[in-house]
Structure formats: structure tokens, C-alpha cells
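> Test case, fold it:
(2 chains)
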Amino acid sequence: MSDIGYSTNVSTGDAAFSDYVALLKPRVMSLVVFTAFVGLVAAPNTINPMIALASILFIALGAGASGALNMWCDADIDQVMHRTRNRPVPSGKVSSDESLALGLGLSGLSIVMLGLAANLFAAGLLAFTIFFYVVIYSLWLKRITPQNIVIGGAAGALPPVIGWVAASGAMSVEAWLMFALIFVWTPPHFWALALFMRSDYDNANIPMMTVTHGRRTTRTYILGYSFLLAVIAFANLFTPLGGILYFMVAIILNPLLLIGAIRIWMRDEDISDADNYRLEKDFFRLSLIYLFLHFGAILADATIHQTGWNSWV
Amino acid sequence: MSIQVEHELHQRRFGRNLGVGLSLAAFIIIVFGLTIAKLSSGPVANTSGEIILK
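Prediction:
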């Protein structure tokens, strides 16, 4: 005997609004909003608050659009990896065609609107960032080189530069130092993740450093990039970005990060496995706090400088 | 299973329509605010690049 029933499972075409929001990678967007805002405030020019708000929103929308396009082209990888298999496209809530359409539509909208709100230079940079993240990183290099994280980091590092250009209309050394801070921070952050998310990247055939060069080499690379990151963090002190708060953050967090990287480098797989990669997980969390506090300090110092509070201190 | 007046599917569709509606409303407010901000700050250039003093 057969039973007539119906499924209440979500089928493509009936996704909730939150599924479309999830396509835009809101956690990545929040980081983009924050770093772009820091770039915008740290720039020497003052900007109308409404124009600043609109610029930040359209930069965030551009980041969300590239997230949707990334989910469109990474659907096959996301389905295999434990960390990503519940995303809207691999879980079947949203079709990959919808993801592509939403990504392309929001890309065009965000670029045009940023051009109208701020300037064409900033809009061009946003267009380049989306192109770089989707075409150069996601479609091309992610699947063929173990340096994928290093290259992909460039797209994530551009928002403060876009914010700076939106406010000032020009580039400067400070904007590129903020870029360098995120660019060099990205590899050790994600390689630490790759160390404790062991089988995920192997299963997806992504040529992560841990897969192609081995875990020992990855630990050495984490240490090398952490040293480079500390150099860049301290280089900021010699520019107008480096105020008293930035100095305090840099002098505390950089030694902590380096100690974490050295401890990771000194361990082997057996020791890491024994304590379930505790140090690697600690380093991953510390690196998140590291970036947030460095940019928070740049923001606070710029605010103090612009409001003239430093004359009271 | 009891028959419900409104299926979960309809709630989901309503939520989606509401989300799209609110997003469009927010976009209109942003464009309006941006227009006011642009018009109230400095000279405006026309399409041929000539500066028009207000």
C-alpha cells in the first residue's frame, strides 16, 4: 500500500529571506563594514555623514555580492566540506542560478551607487575587488595553487583602501599599510584554521598548504607570516595612523601573536592531536582579536585626532 | 496532521516579501538622503564638467 504524503522540506524557489541574506556572507560583510569604516574615518578629509553611511553600505553590498558569486562557483566544494555544507546553495535552499543572478545584480548596483555616492575611483576599486575575488581567486587560483589564501587575502584587504578613497578621492601610503595589515594577516589566520579543520580541505581537493606542502611546512609559513605581520603593524607607528592607542595595542598583541606562532611551529602533529589542536585554535581566535583591535585602535586614534580630544590629554 | 489555515510555506513567503519590501524602502530612503546631502554640499558640476554655483 502506498501512502500519499507531502514534504515540508524547503525546495528551491521557496527559500526564506534569511537564506538570501546568508548568501551574502553577513559575517564577512561585518568585517568589511568595519575595516572600510576605519579607512573612511582615518582618511584626512572630512565627509558628509550621509555620504559616508551610503558609501559604507554600498561597499558592504559589493562584498555581499561577491559572497553570493563565490557561493555560486564554489557550490561543488561547499557540498563536500563539513564547515560549508549548510550554506544556502549546497543545502538546496537557493539554486546556484539564483545565487549568480543575485550576485551579478547586487555587484552592478553597489558599484554604480558607490560611484554616485562617493567617487568613480572608489567605485572602480570596488569593481576590481569583486572581479579579483570572484574570477581571479574563486574561479581560477583557489583550485590550482596552495598560495590561494595569500592571493585571496588581497580582496579581503581592499575595503579599508576603498573607504579611504571614498573619503579622500586619492591613494596614500597609510591606505596601503592598512591593506598590508589585512593581506599579511590572512594567511596565518586561515592556515591555523586548516591545521585543525584537518580533513575538510583534503576531501574537497583544495590545494591548501597543509595538503600540498605538508603540515610541518604550514607551521613554518605561519611563523614567517606572523613575523612579517608584526613588522607591518609596527611600520604603521611611523605614519599618522599610529597614535597612542595603536601603539598600546601593537606593543601588547604582536608579541602575543609571535609567541603563539612560535609555539605552533615547535609542535608536531602528535602533540597537536593529543590536545585536539588547542594551541592552533587559540591562535585562530587571537588572530581575530588582533585584527579587530588594531583597526579599532586606528579608528579610535583617528577619532581622537579629528575631534581634537588629544589637546585635552 | 491537523489542517492549518496557514502553512509554514506561506509564512516563509510572507517573510521573504516583507524582507524585499523593507530592503527596497531602505534603498529609497538612502537615495533620498544621498540626494539631499549632495545638493546641500558645495557646487554641482553638470554633465559637461562645468561648475554650476548655487
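> What distance do you get for residue A:73 to residue A:177?
In this view, residue A:73 and residue A:177 are 31 Å apart by C-beta to C-beta, to the nearest Å. (C-beta placed from N, C-alpha, C; glycine too.)
> more crowded one of the two?
residue A:73 (22 against 19; other C-beta atoms under 10 Å in any protein chain shown).
> so that one touches residue A:137, yeah?
No. Using C-beta atoms under 8 Å, residue A:73 makes no contact with residue A:137, being 9.9 Å away.
> interface residues of chain B facing chain A?
Applying C-beta under 8 Å from any C-beta of the partner chain, one finds that chain B approaches chain A through B:8-9, B:12-13, B:15-16, B:18-20, B:30, B:33-34, B:36-38, B:41.
> now the strands for chain B?
B:44-45, B:51-52 (DSSP state E).
> give the contact list for the residue in the stretch 101-250 of chain A that chain B sits nearest to.
Of all residues in the stretch 101-250 of chain A, residue A:117 sits closest to chain B, at 5.6 Å by C-beta to the nearest C-beta. Contact analysis of residue A:117 by C-beta atoms under 8 Å, 6 or more residues apart in numbering or on different chains lists A:51, A:54-55, A:58, A:166, B:34.
> List just the nearest of these to residue A:157.
Distances from residue A:157 to the contacts of residue A:117, taken as C-beta to C-beta, are shortest for residue A:166 (16.0 Å).
> ok, so what distance separates that closest one from residue B:11?
39 Å.
> higher neighbour count, the two?
residue A:166 (30 against 11).
> List the residues that contact the more buried one.
A:36, A:39-40, A:47, A:52, A:55, A:59, A:114, A:117-119, A:122.
> so of those residues, which ones are in helices?
Judged by DSSP state H, helices contain the following of these: A:36, A:39-40, A:52, A:55, A:59, A:114, A:117, A:122.
> Spatially, which two of those residues are the most separated?
Longest span within the ones in helices among the contacts of residue A:166, C-beta to C-beta: A:39 and A:117, 15.1 Å.
> Could you find the closest non-adjacent residue to residue A:245?
residue A:297 (4.4 Å; C-beta to C-beta, 6 or more residues apart in numbering or on different chains).
> Do you know the pLDDT at the one you found?
The confidence metric pLDDT takes the value 97 at residue A:297.
> give the contact list for residue A:146.
A:207-209, A:211-213.
> One more pass at 10 Å, please.
A:191, A:206-213, A:217-218, A:221 (C-beta atoms under 10 Å, 6 or more residues apart in numbering or on different chains).
> distance of it from residue A:238?
33 Å.
> Could you do residue A:213 as well?
34 Å.
> nearest to residue A:183, of the contacts of residue A:117?
residue A:166 (19.5 Å).
> tell me the secondary structure for that closest one?
Following DSSP: H, G, I helix; E, B strand; the rest coil, we place residue A:166 in the helix state.
> now residue A:241
coil.
> Tell me the pLDDT of it.
For residue A:241, the model assigns a pLDDT of 89.
> Just give the number of residues close to it.
22.
> correct me, but it touches residue A:178?
Yes. Applying C-beta atoms under 10 Å as the test, residue A:241 and residue A:178 come out as touching, 7.2 Å apart.
> shared neighbours, those two?
A:38, A:42, A:294, A:298.
> separation between the third one and residue A:303?
Same thing as residue A:294. For residue A:294, the distance to residue A:303 - C-beta to C-beta - is 15 Å.
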